[in-house]
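Q: Sequence plus the predicted model coming up.
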Amino acid sequence: MRIRLSTRLILLIVALQVLMLFLLVWNSNRLMTDSHIRMYEDMMRSESQLLAKALVPGMLYTQSADLQKIFDQLGAQHKMVYAVLSDANGEPLAISGKTPHRNHPDHDYQSALNDGVFDIVIPLFDEGRMLGKLRVGYSLDAALILNQKTRRQNLLIALLGVIITLSATFLLGFYFTRNLRQLEKGARELAKDHLDYRIETGGKASNNELATTFNHLAQHLSETKQALHKEHSALERETRFMQALLDGIDAVVMEARPPGYQFTFVSREASNLMGFPVSDWLKPDFWASHVHPDDRDWLEETIATHTKNGESFTADFRMIHHDGHELWVRAINSVELDEDQQPIMRGLILDITEQKTAEERIVYLAEHDSLTGLINRRRFQKELERAISFSQRYQQQGAVLFIDLDQFKYVNDTYGHQYGDEYLLDVSRRLSQVLRRTDILGRLGGDEFGVIIPKCSYEEAHTVGMALLGALAQENLEYGGKVIPVSASIGIALFPSQSAVPSDLLAKADAAMYTAKRKGRGQVHIFSDDDVELWNMQSKIHWEERIRWALKDDRFKLFYQPVVEVASGLITHYEVLLRMRGEDGEMIAPGAYMETAERFGLIREIDRWVVDKAIKAQADSIKKHKPVSLAINLSGRHFGNVGMLEYIKEAIHTYGADPQSLMFEVTETEAVENLSKARGFIDALRDIGCKFALDDFGIGFSSFHYLRNLPVDYIKIDGSFVRNLHIDNDDRLFVKAIVDLARGLKIPCIAEFVENAHIIEILMEMGVQLGQGYFIAKPEPECIDDLIVDMSQY
């Protein structure tokens, strides 16, 4: 049983008082006993002295019988046990009582306690002569009784004192410890979480102050508890919210320590990502055991570098799923230091397997012809560049063949696109059957094919060309009962002897093919210098003269094609298109002469002419109170040029155009060739209010890596992927991938070459917002007055 503090204090006080009282009674009893003994001893000695003096005369003059009578009377005294009077010789003269056997007297009271008789011997003298001795024995009973009585009285007094002390102590203790008991009770109540308990106030000021202080403490604890409860509830709500948020996002929220990823926390999405429970993720060797072996070393090096420098980083790598298949993940990490100044990574892990698959598909589609499955011109040029490098390193010769089908335009126009596609597929199959596994076949354009033959001599190249012509001519095609022969013209250029530059080598093979056609078609011709002169004379030089003449005679003209919201038909802006008016009045598109303009340095004048006229047209629309927004194409040669930037700014200022109604377009390939320069040029135009669009998007894959770093406002999907959306599933997959990537970057897409209603339906299903094409509206010399194109007519 636990004794309360107040009780312990009272018992301690009582024990001290009892001890002190005991000592006091003991000392008092001792002193009184000593006093009684001394008094009794003095009385006995005095009495015996008086008796001795009284007996001296009797011994001188009285007979023994008389002395005996006197002694007999002494026996009546209760306190005298015996008395013996003897002469000088020791002979008894008179005896009273029973004499003891002891002969020696007692020196003090203590020595008399042995037999209870105080023995006194007094010699009797008369004028110096010894008469005898008086021996008297006094009983100690009276003294003992007196001492006992005294002790009893003292004990009674002590007991009474203890009772009084206990009573007073308990009363005083109860009075003075009442506050302590109240505090103790209050403390017990608070310990039981009864924070509404209060001590009653009243009475003395000191007690009231103590109670008030306790009550204030209890009130403070109660308020603190309520506040903590509210904070706890808020934290629980926040925790539930954060947990729901973490569970709701399609990513793993994680915390990990280097080296590698030693996870200390992952959200529940982790189990969905890889099929392993969260507890497995927290094992020290989980990451090392499940990261793809080919990615482990470089990823550990990447982590070590960035954690050492405290840099945030993003890494794409592969991990092994619970069922054994590979999946791609993207880890977005921020690096911090914990309380021990050790690096710790926090961030997200996302499943990007579908994105990587789509990108791989995009890579394939971007580098392959969707109809034949052969590599396209872009990939063909890369392969040609590698073949040239290989031939230079090992001092070998190779050849590139440029194949142009002789009657494809006739077949396509006469029998339609479907038969034209079958024609191309059959040609690609026949060409593939002739070539070796080391040879590379590609489709360079509509009816143009290319072949790269490594380790090939002059004669071998000609032999391969003839074999290809033979394979094409060995069997005719039939359509609708009509027999259609298959023939081609082949030009050959040798590398690296004739050129080590891919574009130049293809141009020479093209020139050789042109010579083969002039010889009567169905021919093979190997490039010579005469071919270049003839080609230039017939093509490039002719167009250079026409361009200079058009600039001088103001024969260029701007056309405007509306770009609309495919869902509503609302015109958002117009693309400015350049046309050249020919000698016969026909309008010639830029594709016929832009390459020549760039080759002969005329593109600068054309660019400035277009920019000047387009900005003036926008300013004029404001003055006519019919403001329009225009998209202006810039060539790659002057994209990023400081002089062109200043020219644009000056034209806007001079004509009073609205920069927010001007958009500039450049092809994605030109934009990513010099990313930092492109970004600076784009930022400078956007700073004054202009917008920017990437044109012909999709023909180059590099832009998918750098798009996030270019601050563009629109992506224009290349028309070659749009025009056949309704019949080509590969094009549909490719465009869908572009749209999804653009949506992730919050960049709207514009589809070019919208040529039928079915394409519009597909674009709307994909989420493409804007479109342009002949089916919506053809380019016109003036902007149309209507703000909305009536899409219902389609």
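A: Cool, the structure landed. Numbers count the residues shown, from 1 in each chain.
Q: From now on I want contacts and neighbour counts done on CA atoms only, so please keep to that.
A: Noted.
Q: dump the residue contacts of residue 502.
A: Taking Cα atoms under 8 Å, 6 or more residues apart in numbering as the contact definition, residue 502 lies against 381, 384-385, 388.
Q: for residue 344, same thing?
A: So residue 344 contacts 255-258, 307, 335-338 (Cα under 8 Å, 6+ apart).
Q: same check, this time on residue 83
A: If you count contacts by Cα under 8 Å, 6+ apart, then residue 83 has 71, 74, 95-97, 99, 134-137 around it.
Q: which is the next helix or strand following the helix or strand hosting it?
A: Assigned by DSSP states H and E, residue 83 falls within strand 80-87. Next in sequence after strand 80-87, counting helices and strands by DSSP H and E, comes strand 92-97.
Q: Remind me what that next one packs against, helices and strands.
A: helix 64-74, strand 80-87 (3 or more Cα pairs under 8 Å, 6 or more residues apart in numbering; DSSP states H and E).
Q: model confidence over the last one, on average?
A: Mean pLDDT, computed over strand 80-87, is 79.
Q: Quick check: end-to-end length of stretch 513-522?
A: For stretch 513-522, the first-to-last residue distance is 10 Å (Cα to Cα, to the nearest Å).
Q: I'd like the average pLDDT over it.
A: Mean predicted confidence for stretch 513-522 is 82.
Q: how distant is that stretch from the center of its chain?
A: 67 Å (Cα atoms, centre = their mean, to the nearest Å).
Q: now stretch 615-622
A: 51 Å.
Q: related to what we said a few turns ago, for the buried ones among the contacts of residue 83, write the corresponding PyMOL selection.
A: Buried members of the contacts of residue 83, defined by 16 or more other Cα atoms under 10 Å, are picked up in PyMOL with:
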select buried, resi 71+74+95+96+97+134+135+136+137
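Q: quick revisit: the strand holding residue 83 pairs with which strands, parallel or anti?
A: Here strand 80-87 has these sheet partners by DSSP bridges: strand 92-97 (antiparallel), strand 129-139 (antiparallel).
Q: Give me the subset of the contacts of residue 344 lying in strands.
A: 255-257, 335-337 (DSSP state E).
Q: any chance of the residues you listed in a markdown table, plus distance to residue 311, neighbour count and pLDDT?
A: Listed next are the ones in strands among the contacts of residue 344 as a markdown table, based on distance: Cα to Cα, whole Å; neighbours: other Cα atoms under 10 Å; pLDDT from 0 to 100:
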| residue | distance to residue 311 | neighbour count | pLDDT |
| --- | --- | --- | --- |
| 255 | 15 | 19 | 86 |
| 256 | 15 | 20 | 85 |
| 257 | 14 | 18 | 84 |
| 335 | 6 | 21 | 84 |
| 336 | 9 | 16 | 83 |
| 337 | 11 | 12 | 78 |
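Q: And those, which is closest to residue 766?
A: Closest approach between the ones in strands among the contacts of residue 344 and residue 766, by Cα to Cα: residue 255, at 36.6 Å.
Q: Need the nearest residue in space to the closest one, chain neighbours excluded.
A: In space, residue 255 comes closest to residue 346 once its chain neighbours are excluded; the distance is 4.5 Å by Cα to Cα, 6 or more residues apart in numbering.
Q: give me the number of residues near that neighbour?
A: 21 (other Cα atoms under 10 Å).
Q: Pretty sure it sits in a strand.
A: Yes - judged by DSSP: H, G, I helix; E, B strand; the rest coil, residue 346 forms part of a strand.
Q: okay but it is in contact with residue 261, surely?
A: No - the criterion here is Cα atoms under 8 Å, and residue 346 misses it with residue 261 at 10.4 Å.
Q: Filter the contacts of residue 502 down to the buried ones.
A: Using 16+ other Cα under 10 Å, the buried ones in the contacts of residue 502 are 381, 384-385, 388.
Q: Could you list which of the residues you listed belong to helices?
A: Of the buried ones among the contacts of residue 502, the ones assigned to helices by DSSP state H are 381, 384-385, 388.
Q: And residue 49, its phi and psi?
A: phi -70, psi -40 (degrees, to the nearest 10).
Q: Tell me the pLDDT of it.
A: Value listed for residue 49 in the pLDDT field: 76.
Q: Please enumerate the strands of the stretch 551-700 of the chain.
A: Secondary structure of the stretch 551-700 of the chain by DSSP state E, counting those that start in this stretch: the strands cover 556-565, 571-581, 587-588, 630-633, 662-667, 691-697.
Q: I misspoke; the intended subject was the stretch 201-350 of the chain.
A: 252-257, 262-266, 313-320, 326-337, 343-351.
Q: Mind listing what's buried along the second one?
A: Buried residues in strand 262-266, counting neighbours by 16+ other Cα under 10 Å, are found at 262-266.
Q: Report all helices and strands that that strand contacts.
A: Counting by 3+ Cα pairs under 8 Å, 6+ apart, strand 262-266 packs on strand 252-257, helix 278-281, helix 286-290.
Q: For the second one, name the packing helices and strands.
A: When you say that, I think you mean helix 278-281. So helix 278-281, by 3+ Cα pairs under 8 Å, 6+ apart, packs with strand 262-266, helix 269-274.
Q: contacts for stretch 471-484?
A: Residues contacting stretch 471-484 (Cα under 8 Å, 6+ apart): 419, 423, 427, 430-431, 434, 485-488.
Q: tell me the phi and psi of residue 769?
A: phi -80, psi -40.
Q: my read: it touches residue 746, true?
A: No - if you go by Cα under 8 Å, residue 769 and residue 746 don't touch, sitting 11.9 Å apart.
Q: Next up, the contacts around residue 238.
A: No contacts exist for residue 238 under Cα under 8 Å, 6+ apart.
Q: That one and residue 416, how far apart?
A: 66 Å.
Q: quick one, the helix or strand harbouring residue 14 and strand 129-139 angle?
A: Assigning secondary structure by DSSP H and E places residue 14 in helix 5-61. Angular relation of helix 5-61 and strand 129-139 on a 0 to 180 degree scale: 150 degrees, by axes from the mean of the first three to the mean of the last three Cα atoms, to 10 degrees.
Q: Give me the packing partners of helix 5-61, helices and strands only.
A: Under the contact rule (3+ Cα pairs under 8 Å, 6+ apart), helix 5-61 is packed against strand 117-126, strand 129-139, helix 141-191.
Q: out of the ones in helices among the buried ones among the contacts of residue 502, which one sits closest to residue 734?
A: So of these, ranked by how close each gets to residue 734 (Cα to Cα), first place is residue 381, at 21.6 Å.
Q: Check whether the closest one really touches residue 503, as I assumed.
A: Yes - look at residue 381 against residue 503 with Cα under 8 Å: they come within range, at 7.4 Å.
Q: any idea whether residue 507 is helix, strand or coil?
A: helix.
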